[in-house]
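Peer 1: show me the folded form of this:
(one chain, ligands or ions: 1)
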Amino acid sequence: MNSKIWLSSPHMGGHELDFIHEAFSTNWIAPLGPNVSGFEDDLKHFLKDNKEIAALSSGTAALHLALILLDVGPGDEVICQSKTFSASANPIVYQGATPVFVDSERDTWNMCPIELERAIKDRISKGKTPKAIIAVHLYGMPYKKEEIHAVSKQYNIPIVEDSAEALGSHYKNQKCGTFGELSILSFNGNKIITTSGGGALVTSNKTQKEKAVFLATQAKDKDVAYVHSHIGYNYRMSNIVAGIGRGQMMVLEDHVNKRRANYDYYVSKLSHIKHITFLAEPKDYYSNRWLTCILLDSNKNQEGLRVFLEEDNIETRPLWKPMHQQPVFKDAPSYLNGVSDDLFQRGLCLPSGSNLTTEDLERIVSLIINYFE
Ligand SMILES: *Cc1c(COP(=O)(O)O)cnc(C)c1O
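Peer 2: Numbering: from 1, shown residues only. This next block holds a predicted model:
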């Protein structure tokens, strides 16, 4: 059997263990400490937008806190991009609210501004103004910021920016992770940088950050007596994994460059095949190319190619199954135009790790060429 090629595997830079050793030698083995604040500072410095960062246990926890900070509760409706990973939508349900799914457009595969406005108007006509909009930069490609934020502004509905897949991407030189009223990042094992598991909430001001940290550390009003007047959560990032994050921040730009080079390599070797198309960056868009995705000309070729590569021990994956197609969300209102269903039928994510070797890439590409010959 050939060696396994993963879709997107962790890629350590080399300095992560130094930070972990430091945590051990100073006995900072806790969900707070110098690595946590150091990692937050690194992220803040990278995003450079006068934002405040709260490092948390996961991107999902960050989304949950974002909805709490926006006062989303039982009976509320929250709009969410349908084409995304389920973690974008689950926290809506944690809050007892209802997700309302909105389809994608073809230029970035993200939330369609036209469908978004149609959804908002229809929800308002049915008696409920949505409480928030969760927009996602899928696979690292920024969503249509100007159009989506114009709709948000017109109807005065705040945006929660799910930038879990898009650290290192930007639009008109503004970094993804700084667009939303609140934004979230993820450092799960398969993301562009990883802390094994972790996430962050990006907020607009210090008070909001302090509130997020308060809720994430069990909402203790007074540390000594443990008085509680809010329901708290155990969502803070541990000082050990934050050490991994500090090491990973040293190689973030390198990871982005490598993933972009993977995309360029696939394009250079495969774009002559008439069964395959790529998602190019529109003008002013810069994707971290977290995953390189291709569109096949049919569902048959999508599944055929996936199985063909799997037989050679190469992992690929269909694009995210849209949330409006998920059994768990079957009753949620959805505003659809057919785009995300079509992308799901024909799209395939190719191995995209920053640690792929030239030999790995050559093996993948030559098999894809073989499949079509
Ligand atoms: C990974 C991911 C999340 C969740 O992040 P975790 O850190 O795994 O909880 C949320 N949204 C999207 C789009 C993701 O890809």
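Peer 1: can you pull out the helices in the stretch 251-373 of the chain?
Peer 2: In the stretch 251-373 of the chain, helices defined by DSSP state H, counting those that start in this stretch lie at 252-270, 299-310, 339-346, 358-372, listed in chain order.
Peer 1: tell me the most buried of the ones you listed?
Peer 2: For the helices of the stretch 251-373 of the chain, the largest average neighbour count (mean count of other CB atoms under 10 Å) is found in helix 339-346, namely a mean of 20. The C-beta positions use only the backbone N, C-alpha and C, and glycine is treated the same way.
Peer 1: thought residue 284 was touching residue 169?
Peer 2: No: contact between residue 284 and residue 169 fails when scored by CB atoms under 8 Å: they sit 11.8 Å apart.
Peer 1: around the ligand, pick out the residues from the stretch 51-200 of the chain.
Peer 2: Applying CB under 6 Å from any ligand atom, we find that the stretch 51-200 of the chain lies next to the ligand at 58-60, 84-85, 87-88, 136, 162, 164-165, 186, 188, 199.
Peer 1: change it to 5 Å
Peer 2: Taking CB under 5 Å from any ligand atom as the contact definition, the stretch 51-200 of the chain meets the ligand at 58-60, 84-85, 87-88, 162, 164-165, 186, 188, 199.
Peer 1: returning to what we had before: ok, residue 284 and residue 169, which is more surrounded?
Peer 2: residue 169 (24 against 13; other CB atoms under 10 Å).
Peer 1: what sits against that one?
Peer 2: Residues near residue 169 by CB atoms under 8 Å, 6 or more residues apart in numbering: 137, 140-142, 163, 175-176, 286-288.
Peer 1: export these as TSV, with columns for neighbour count.
Peer 2: Formatted as TSV, these follow (neighbours: other CB atoms under 10 Å):
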residue	neighbour count
137	32
140	27
141	28
142	28
163	30
175	22
176	28
286	19
287	29
288	28
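Peer 1: dihedrals phi and psi, residue 77?
Peer 2: Per-residue torsions, residue 77: phi -120, psi 140 (degrees, to the nearest 10).
Peer 1: same check on residue 181?
Peer 2: phi -60, psi -40.
Peer 1: isn't it right up against residue 157?
Peer 2: No: look at residue 181 against residue 157 with CB under 8 Å: they stay out of range, at 9.5 Å.
Peer 1: touching, residue 332 and residue 322? I think so.
Peer 2: No: using CB under 8 Å, residue 332 is not in contact with residue 322, being 11.2 Å away.
Peer 1: so those two - more neighbours on which side?
Peer 2: Applying other CB under 10 Å to residue 332 and residue 322 shows that residue 322 carries more neighbours, namely 22 against 19.
Peer 1: for the more buried one, report the pLDDT, please.
Peer 2: What the model reports as pLDDT for residue 322 is 98.
Peer 1: once you drop chain neighbours, what's closest to the residue in the stretch 51-200 of the chain that the ligand sits nearest to?
Peer 2: Across the stretch 51-200 of the chain, the shortest distance to the ligand (CB to the nearest ligand atom) belongs to residue 59, at 2.6 Å. Distance criterion CB to CB, 6 or more residues apart in numbering; nearest residue to residue 59, sequence neighbours excluded, is residue 186 at 3.0 Å.
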